[in-house]
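Peer 1: make a model of this:
(one chain, ligands or ions: 1)
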Amino acid sequence: MVLVTRKTHFNAAHRLHNPSKSDEWNKATFGKCNHPNWHGHNYIMEVTVAGEPNPDTGFIIDLSDLKKIIEDKIVEPCDHKNLNLDVPFLKGILPSSENLVKAFYQELKEEVEAVCSEGGVLYSVKLYETERNIAEYCPFRKI
Ligand code: NI
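Peer 2: Purely as a prediction, here's the structure:
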């Protein structure tokens, strides 16, 4: 199996707040990330596709196709937006990095796998919220 990764970035605002819990609980749980007037991140995202290269092209996926899908499905709706308010596919989702990578994976899967080499899959989505805080969703890995 071969892996190929496309790296991209976007800027977005969010707030970690669970409306089903009290303000005290939210403040104690999320600290500064619960600040009512939002805060922003320079997100870096890595989308990885796995499979065997197509014998005619040598590609698992044409990276210009992958770039366009990521732009259309994730960057365009999320860049310079508020992830709590502005992004239809994130409606009702608490925008932690963990929840974001799962939502991004679901959003990308169908279109990515439609243009992969035969048997290729969307392998993982990794999100750097900061240089040091990173979440990754990979349904193929088992603990
Ligand atoms: Ni944050």
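
Peer 1: show me where this protein has its strands.
Peer 2: Ranges of strands within the chain are 2-14, 39-51, 81-82, 121-128, 134-137, based on DSSP state E.

Peer 1: quick one, longest helix in this protein?
Peer 2: Longest helix of the chain, by residue count under DSSP state H: helix 97-114.

Peer 1: return the set of buried residues in that one.
Peer 2: Taking 16 or more other Cβ atoms under 10 Å as the neighbour-count basis, helix 97-114 is seen to contain the buried residues 97, 99-105, 107-108, 111-112. Bear in mind the C-beta positions are built from the backbone N, C-alpha and C, glycine included.

Peer 1: same deal with stretch 39-57?
Peer 2: Judged by neighbour count using 16+ other Cβ under 10 Å, the buried positions of stretch 39-57 are 41, 43-45, 47-51.

Peer 1: stretch 117-131 now?
Peer 2: Counting neighbours by 16+ other Cβ under 10 Å, stretch 117-131 gives 117, 120-129 as buried.

Peer 1: with stretch 10-17 instead?
Peer 2: Applying a neighbour-count criterion of 16+ other Cβ under 10 Å, one finds 10, 12-17 buried in stretch 10-17.

Peer 1: can I get those residues in JSON lines with pLDDT and distance to His35?
Peer 2: Putting the buried residues of stretch 10-17 into JSON lines (pLDDT from 0 to 100; distance: Cβ to Cβ, whole Å) gives the following:
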{"residue": "Phe10", "pLDDT": "98", "distance to His35": "21"}
{"residue": "Ala12", "pLDDT": "98", "distance to His35": "15"}
{"residue": "Ala13", "pLDDT": "98", "distance to His35": "11"}
{"residue": "His14", "pLDDT": "98", "distance to His35": "10"}
{"residue": "Arg15", "pLDDT": "97", "distance to His35": "7"}
{"residue": "Leu16", "pLDDT": "97", "distance to His35": "9"}
{"residue": "His17", "pLDDT": "97", "distance to His35": "9"}
